[in-house]
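Student: just need the structure, nothing else, for what follows:
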Amino acid sequence: MRGQSSAELLILFAALLFVLAIAAYLSNQQLASVSQTKEINKAATLVDDLTSAADEVYYQGYGARKRLIIDIPKNLDADQTYISGNSIVITASNTTIIGESQAPIHGILPLTSGKHEIWVVSEGSSVRIGYAFISIDKGSLFFTIDEEDSDSDAIEIENIYDTGINVTLSAEWLHSIDVALSVSPNNFSLAPGDAQDVTVAVQSFDGSAGIYDGDIIINATDGISEDSVRVPITVYVLAPPVSNQSNLSDFYVTPDEWSATVQRGQTIQKYFYVCTNGISVDNVQFETSGTAGDWVWNTGDVGPIGVTQCVSKLFFLTVPSAQSVGNYTGTITAVADGGAYTDEISLSIEVISPVDVWGPRARNVVVHADTPNPSWVIHAFQDEVIVNATCDDTTRGNSDILYGEASFADASCNWVQMDPVDGAYDSPYERVTYNMGVFAQGSYSVSVRCADVYYNIGNIAQRWFTVYPPDYTAPRVSSIWLSPSNTPGMSEDITVHASANDWNRGDSIISSCYAEVDMNGTHIPMTADDGAYDEPYEDVSGDIGKLPVGSHIVYVFCNDYYNNTGNDSRTFNVVDDLGPLALDLYITTIPSGFRYAVYAHAIGNDTNRGDSDISLCRARITWFWRNMDADDGSYDEPVEEVNGNMGLYYAGTYTLYVRCRDSAGNWGPTNTTTVTVPA
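Tutor: Model prediction:
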């Protein structure tokens with residue numbers, strides 16, 4: 001029988017180990033899946049932050065910059081993570097997130113997981129993303145020179161990084177036969193905060209009249225990472241000045257008209273020449289009129305212009321995206337020296353509608369619970385699942401979005417129309433959303449696509465998401481402590497502090513906490529130290545006021561979003577920190593020759609001030625304190641009548657001072673009264 005019992009126990013023990021192993025495996029699988037979802041959503045957040053910052057600095061214009069603290073996800077696929085064109089592509093945990101910016105963007109992202117500080121910098125016509133080592137004071141260079149002439153300008157390059165860098169400059173310049181370009185110095189080092197002026201010089205040759213474009217490329221490195229900036233350069237070489245001609249006005253602009261066919265939303269540009277004939281002018285301003293004139297920009301002043309000379313002026317014209325198709329006119333008027341001379345450019349612009357054959361981009365697909373849950377954990381049958389995305393046609397025809405729609409990997413696989421976040425489909429860029437309802441535990445995918453008003457349907461963007469088991473686990477309450485100290489005095493207002501943590505206990509946000517002292521039934525609300533209950537981990541605090549001397553227990557209760565309640569407690573002592581009062585002061589006297597023996601009397605009272613025994617009272621009339629005696633022979637009660645021999649005094653008026661100390665060592669306030677020693 002004994003052998004049979006041992007065998008049965010071994011079988012039961014083996015079965016128990018098997019069950020525990022399965023439970024551990026499932027738990028590890030769930031934790032791994034939670035971690036993977038967090039990393040994927042971290043990648044989505046990163047893409048959104050980068051594209052938003054790129055759009056922001058792009059529209060602010062050249063030189064605008066924004067510093068970002070980014071968090072690179074784990075399991076990053078470096079080969080499938082890059083910046084190209086208008087796209088930012090990040091691949092983590094076998095999931096690719098693509099973000100589209102309004103700006104042309106370039107740069108390199110850090111590839112190691114964790115926090116990194118990078119810059120998003122507008123270069124005027126593009127945006128650079130990555131480590132920023134340098135700052136330059138000019139976004140472009142423009143020279144106007146004659147044939148067989150030269151000019152130069154300087155660019156200041158400053159090291160804005162926290163370590164030394166090496167800087168190398170080169171030029172992309174294909175016009176050396178007509179115009180020579182040089183850069184000096186073109187290789188140097190900069191300590192943090194240092195700056196270097198770099199001279200850019202141009203030299204034109206005979207017969208080189210025309211306009212020449214190129215770039216100066218500035219590369220900086222700290223030996224590990226690189227930063228690169230392009231500075232566009234334009235050289236306008238004037239034709240030789242004409243002799244004074246009687247058939248020309250003293251002041252004129254050529255050409256004198258600007259005719260063009262332009263698509264809605266398109267920007268065009270054109271050079272004009274502002275010239276003098278036998279005169280010189282100090283300043284030329286430009287005024288616009290008419291509908292087409294309202295579209296003209298870059299209308300800053302030029303001048304001075306010498307005798308019988310010309311200077312170039314570049315104008316830009318942008319047709320609004322919502323402008324109706326049709327023909328529009330206007331003027332640009334050049335006004336020299338406050339109106340002494342004027343000339344006019346006539347504008348004739350035909351606005352046409354671009355042929356839109358491209359569907360809008362569906363991007364930035366994010367799936368989350370309808371609860372304010374930063375970990376993006378979705379709980380089965382508790383959370384309604386929300387899918388958000390963007391529909392963007394701004395670079396695909398710039399037509400209004402007709403709809404965004406979603407399809408879920410269920411049995412139906414039907415497309416359902418999503419709702420525009422702003423309430424109406426009426427622009428080329430729309431944020432869209434849809435409430436998918438509750439789901440059972442498992443892994444799912446959602447697809448999003450968008451259509452414009454010409455029924456062009458764009459790409460399909462897909463996102464996988466995981467639904468986890470329901471949250472029935474209470475948050476953990478811990479680290480309870482008190483201020484101003486863990487052994488407060490009875491006179492002090494007490495604040496209780498604690499931590500509430502729901503990580504790996506459902507990962508739901510902490511929704512509320514309250515404190516209760518000595519289980520007295522009074523719930524004292526506590527506040528989140530960071531200002532809001534919006535995370536699965538919160539440090540909280542609440543004021544519980546003053547408490548009487550003695551031992552107390554404070555309980556802290558915290559709820560998560562699903563009203564699962566956790567609690568913890570702390571036992572602490574409130575000590576007596578108030579001294580007793582000295583009350584009912586008076587004296588008695590006994591004649592002694594020409595003077596009187598004076599006896600001081602008072603009552604030491606510690607009632608409601610700690611209720612400790614009186615341990616001593618002292619009195620003085622002159623400068624010296626004298627100990628007083630308890631009338632009943634010993635200091636052993638919270639209330640004591642006391643007396644003390646103060647010595648011999650002549651008749652007169654005096655001030656009597658009395659103070660008392662309790663057995664906790666607290667001296668109370670000094671009480672005074674005016675006493676008279678009779679004649």
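Student: alpha carbons only for contacts and neighbour counts from here, please
Tutor: Fine.
Student: distance of the spatially closest residue to residue 67 that is not a sequence neighbour from residue 136?
Tutor: In this structure, residue 67 finds its nearest non-sequential neighbour in residue 119, 4.6 Å apart by C-alpha to C-alpha, 6 or more residues apart in numbering. Using C-alpha to C-alpha, to the nearest Å, one gets 14 Å for the distance from residue 119 to residue 136.
Student: the stretch 201-350 of the chain: strands as residue ranges?
Tutor: 210-221, 226-238, 251-254, 257-263, 267-276, 284-289, 296-297, 310-318, 326-336, 341-352 (DSSP state E, counting those that start in this stretch).
Student: point out where the stretch 151-300 of the chain drops to low pLDDT.
Tutor: Within the stretch 151-300 of the chain, the segments meeting pLDDT under 70 span 240-247.
Student: cutoff 90 now
Tutor: 159-163, 174-178, 193, 206-215, 219-232, 234-249, 254-256, 260-273, 275, 277-278 (pLDDT under 90).
Student: quick one: distance of stretch 454-470 to the chain centre.
Tutor: Put simply, stretch 454-470 sits 28 Å off its chain's centre (C-alpha atoms, centre = their mean, to the nearest Å).
Student: now do stretch 279-297
Tutor: Worked out by C-alpha atoms, centre = their mean, stretch 279-297 lies 42 Å from the chain centre.
Student: what are the buried residues along that stretch?
Tutor: Of all the residues in stretch 279-297, those buried under the rule 16 or more other C-alpha atoms under 10 Å are 280, 281, 284, 285, 286, 288, 289, 292, 293, 294, 295, 296.
Student: who touches that stretch?
Tutor: 250-251, 299-308, 315-320, 328-338, 347-349 (C-alpha atoms under 8 Å, 6 or more residues apart in numbering).
Student: going through these, which ones are buried?
Tutor: For the contacts of stretch 279-297, buried by 16+ other C-alpha under 10 Å: 250-251, 299, 302-303, 305-308, 315, 317-319, 329-336, 347-349.
Student: residue 641: what secondary structure?
Tutor: Three-state assignment for residue 641 (DSSP: H, G, I helix; E, B strand; the rest coil): strand.
Student: helix or strand with the lowest mean pLDDT in this structure?
Tutor: The helix or strand of the chain with the poorest confidence is helix 2-60; it has a mean of 66 (mean pLDDT, DSSP states H and E).
Student: one step back: neighbouring strands for the helix or strand harbouring the residue nearest to residue 67, and are they parallel or not?
Tutor: Per DSSP states H and E: residue 119 is located in strand 114-122. Strand 114-122 has the following sheet partners, assigned by DSSP bridges: strand 65-72 (antiparallel), strand 127-130 (antiparallel).
Student: mind listing what's buried along the last one?
Tutor: Spelled out, it's strand 127-130. Within strand 127-130, the residues scored as buried using 16+ other C-alpha under 10 Å are 127, 128, 129, 130.
Student: could you dump these to TSV with pLDDT?
Tutor: Formatted as TSV, the buried residues of strand 127-130 follow (pLDDT from 0 to 100):
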residue	pLDDT
127	85
128	83
129	87
130	79
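Student: quick one: residue 254 and residue 213, what's the gap?
Tutor: Residue 254 is 22 Å from residue 213, by C-alpha to C-alpha.
Student: then residue 428?
Tutor: Distance from residue 428 to residue 213, by C-alpha to C-alpha: 34 Å.
Student: with residue 228 instead?
Tutor: 19 Å.
Student: distance of residue 405 from residue 416?
Tutor: 5 Å.
Student: I figured residue 617 hits residue 627, correct?
Tutor: Yes. Between residue 617 and residue 627 there is a contact at 6.3 Å, judged by C-alpha atoms under 8 Å.
Student: in the stretch 451-600 of the chain, where is pLDDT below threshold?
Tutor: 453-466, 503-504, 506-508, 534, 593-594.
Student: hey, where'd the strands end up in the stretch 401-550 of the chain?
Tutor: 401-408, 415-417, 419-420, 429-437, 442-452, 461-468, 476-483, 494-501, 510-517, 524-528, 537-545, 550-560.
Student: and of those, who's closest to residue 43?
Tutor: strand 461-468 (12.3 Å; C-alpha to C-alpha).
Student: show me what the closest one is packed up against.
Tutor: helix 2-60, strand 361-369, strand 378-379, strand 442-452 (3 or more C-alpha pairs under 8 Å, 6 or more residues apart in numbering; DSSP states H and E).
Student: run me through the strand neighbours of it, direction for each.
Tutor: Strand 461-468 is paired, per DSSP bridges, with strand 378-379 (parallel), strand 442-452 (antiparallel).
Student: quick check: buried residues in it?
Tutor: 461, 462, 463, 464, 465, 466, 467, 468.
Student: pretty sure the first one contacts residue 366?
Tutor: No. The pair residue 461 and residue 366 fails to qualify as a contact (C-alpha under 8 Å) at a distance of 10.4 Å.
Student: next one: phi and psi at residue 521?
Tutor: phi 90, psi 0 (degrees, to the nearest 10).
Student: for residue 79, same thing?
Tutor: According to degrees, to the nearest 10, residue 79 has phi -70, psi -20.
Student: contact partners for it?
Tutor: Contacts of residue 79 (C-alpha under 8 Å, 6+ apart): none.
Student: how near is the closest residue in space to residue 180 that isn't next to it in sequence to residue 173?
Tutor: Closest residue to residue 180 apart from its sequence neighbours, by C-alpha to C-alpha, 6+ apart: residue 203 at 5.0 Å. The gap separating residue 203 from residue 173 is 13 Å, by C-alpha to C-alpha.
Student: who has more neighbours, these two?
Tutor: With neighbours defined as other C-alpha atoms under 10 Å, residue 203 and residue 173 compare such that residue 203 has more, 20 against 16.
Student: that one reaches residue 181, doesn't it?
Tutor: Yes. Counting by C-alpha under 8 Å, residue 203 does reach residue 181; the two are 6.6 Å apart.
Student: for the residue lying closest to residue 559 once chain neighbours are set aside, give me its contacts.
Tutor: With sequence-adjacent residues excluded and distances taken as C-alpha to C-alpha, 6+ apart, residue 559 is closest to residue 565, at 4.4 Å. Taking C-alpha under 8 Å, 6+ apart, we find residue 565 in contact with 474, 475, 557, 558, 559.
Student: residues near the nearest residue to the fourth one once chain neighbours are set aside, how many?
Tutor: Distances taken as C-alpha to C-alpha, 6+ apart put residue 513 closest to residue 558, at 4.1 Å, once the chain neighbours are dropped. Other residues lying near residue 513 total 28 when counted by other C-alpha under 10 Å.
Student: quick check: beta-bridge partners of residue 513?
Tutor: residue 526, residue 558.
Student: my read: it touches residue 523, true?
Tutor: No. The pair residue 513 / residue 523 is not scored as a contact, 9.5 Å apart, by C-alpha under 8 Å.
Student: surely residue 629 meets residue 644?
Tutor: Yes. Counting by C-alpha under 8 Å, residue 629 touches residue 644, with 6.0 Å between them.
Student: how much space between residue 134 and residue 218?
Tutor: Residue 134 is 9 Å from residue 218, where distance means C-alpha to C-alpha.
Student: of these two, who's got more company?
Tutor: residue 134 (24 against 20).
Student: what residues are up against the more buried one?
Tutor: 157, 158, 159, 160, 161, 220, 227.
Student: cool, and residue 443?
Tutor: Residue 443 neighbours (C-alpha under 8 Å, 6+ apart): 464, 465, 466, 467.
Student: let's see that with 6 Å instead.
Tutor: Shown in contact with residue 443 (C-alpha atoms under 6 Å, 6 or more residues apart in numbering): 465, 466.
Student: circling back to that earlier point, quick one, which of residue 428 and residue 213 is more surrounded?
Tutor: residue 428 (21 against 14).
Student: pLDDT at the more buried one, what is it?
Tutor: According to the prediction, residue 428 has pLDDT 93.
Student: so it versus residue 447, what's the distance?
Tutor: 20 Å.
Student: do the same with residue 182
Tutor: For residue 182, the distance to residue 447 - C-alpha to C-alpha - is 54 Å.
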